[in-house]
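Student: I would like to see how this sequence folds:
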Amino acid sequence: MIDIKQLNKSFGKNEVLKSIDLSIEQGEVVAIIGPSGSGKSTLLRCMNLLETPTSGEIVFEGKNLMKNEMKLESLRLKMGMVFQNFNLFPHKKVIDNITLAPSKLNLKGKKELKEEALELLDKVGLRDKADTYPGQLSGGQKQRVAIARALAMHPDVLLFDEPTSALDPEVVGDVLDVMRELAKEGMTMVVVTHEMSFARDVSDKVVFMADGYVVETGDPHEIFSQPQHERTQQFLNRVL
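Tutor: Sure thing, here's the model as predicted:
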């Protein structure tokens with residue numbers, strides 16, 4: 001579904017991504033792990049062109065994004081994103097946060113969009129919060145609303161940028177449960193995460209990044225039990 005070849009990204013003289021090669025299959029859950037500052041979030045933001053890569057190729061569903069073979073609007077429709085800090089509109093009710101983008105794009109009628117939004121809130125366990133404002137929600141509830149909002153666009157793939165790092169530890173599980181359910185349903189997901197148990201138990205593939213490079217990629221159980229690269233071993237010894 002996504003094929004990344006020799007991707008580089010620099011901010012001025014600071015080289016953040018270096019010769020990244022990565023393939024993501026349809027229905028696959030890919031966890032990207034590694035120390036802070038290793039380029040994980042930048043890689044994710046390059047995938048949907050929130051950041052413009054300096055060089056290399058990103059082919060998504062057969063279209064080369066670096067050659068503008070897919071319009072940005074189409075790309076954002078097909079590639080949903082869930083941010084670390086939720087990015088909900090504070091002045092809009094929960095249900096309006098979810099229906100805003102699909103209604104702007106005239107994807108369905110108003111009544112249908114509202115019904116679908118309520119179903120999505122059911123899915124994330126927050127139907128009773130439909131008429132609440134984001135400021136009245138906990139961090140974990142906001143993140144679950146943000147996931148529902150991303151799903152409202154019927155994306156082919158969901159990108160998660162450290163979705164639990166801004167949350168209190170006691171509500172992290174609620175968000176991860178929703179993500180686990182999505183994985184079971186076959187949603188293609190790319191997740192930048194510090195939640196090692198999620199990376200090990202839920203993902204199909206783990207990508208370990210350090211210093212702007214993809215150091216190691218493989219089956220989660222192999223990476224966690226027998227990492228091949230010394231840098232991966234050092235990182236896992238520290239975090240586990």
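Student: Tell me the helices and strands packed up against the helix or strand of the chain with the lowest mean pLDDT.
Tutor: Least confident helix or strand of the chain, by mean pLDDT, DSSP states H and E, is helix 72-78 with a mean of 90. Packing partners of helix 72-78 (3 or more CB pairs under 8 Å, 6 or more residues apart in numbering; DSSP states H and E): none among the helices and strands. Just so you know, the C-beta spots here come from the backbone N, C-alpha and C atoms, and that holds for glycine as well.
Student: got the contact list for it?
Tutor: 48, 49, 60, 61, 65, 105, 153, 154, 155, 156, 157 (CB atoms under 8 Å, 6 or more residues apart in numbering).
Student: Of those, keep whichever come out buried.
Tutor: Buried members of the contacts of helix 72-78, counted by 16 or more other CB atoms under 10 Å: 48, 49, 60, 61, 65, 153, 155, 156, 157.
Student: which two from those end up farthest apart in space?
Tutor: Farthest pair in the buried ones among the contacts of helix 72-78 (CB to CB) is 65 and 153. Separation: 17.7 Å.
Student: Run the chain-centre distance for the helix ranked longest in the chain.
Tutor: The longest helix of the chain (DSSP state H) is helix 169-184. Distance, stretch centre to chain centre, for helix 169-184: 13 Å (CA atoms, centre = their mean, to the nearest Å).
Student: do stretch 165-184 as well
Tutor: On CA atoms, centre = their mean, the centre of stretch 165-184 falls 13 Å from that of its chain.
Student: any idea of the mean pLDDT in that stretch?
Tutor: The pLDDT scores in stretch 165-184 average 92.
Student: Run through who's touching it.
Tutor: 29, 84-86, 123-125, 138-141, 143-144, 147, 158, 160, 163-164, 189, 191, 194-195, 198, 202-203.
Student: what do you get for stretch 99-111?
Tutor: 73, 77, 89, 92, 113, 114, 116, 117, 149, 152, 153.
Student: hmm, back to that, got the buried residues for the least confident helix or strand of the chain?
Tutor: For helix 72-78, by 16+ other CB under 10 Å, it's 75, 76, 77, 78.
Student: And for stretch 198-218?
Tutor: 198-200, 202-210, 212-218.
Student: ok, now stretch 10-18?
Tutor: Residues 16, 17 are the ones in stretch 10-18 that count as buried (16+ other CB under 10 Å).
Student: Do a quick rundown of the strands in the chain.
Tutor: 2-11, 14-24, 29-33, 55-60, 63-64, 79-82, 157-161, 188-192, 205-210, 213-218 (DSSP state E).
Student: Now render the buried ones among the contacts of helix 72-78 as a markdown table, adding distance to residue 177 and pLDDT.
Tutor: Output for these, formatted as a markdown table (distance: CB to CB, whole Å; pLDDT from 0 to 100):
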| residue | distance to residue 177 | pLDDT |
| --- | --- | --- |
| 48 | 25 | 94 |
| 49 | 30 | 95 |
| 60 | 28 | 97 |
| 61 | 29 | 95 |
| 65 | 32 | 95 |
| 153 | 22 | 93 |
| 155 | 20 | 95 |
| 156 | 23 | 97 |
| 157 | 20 | 97 |
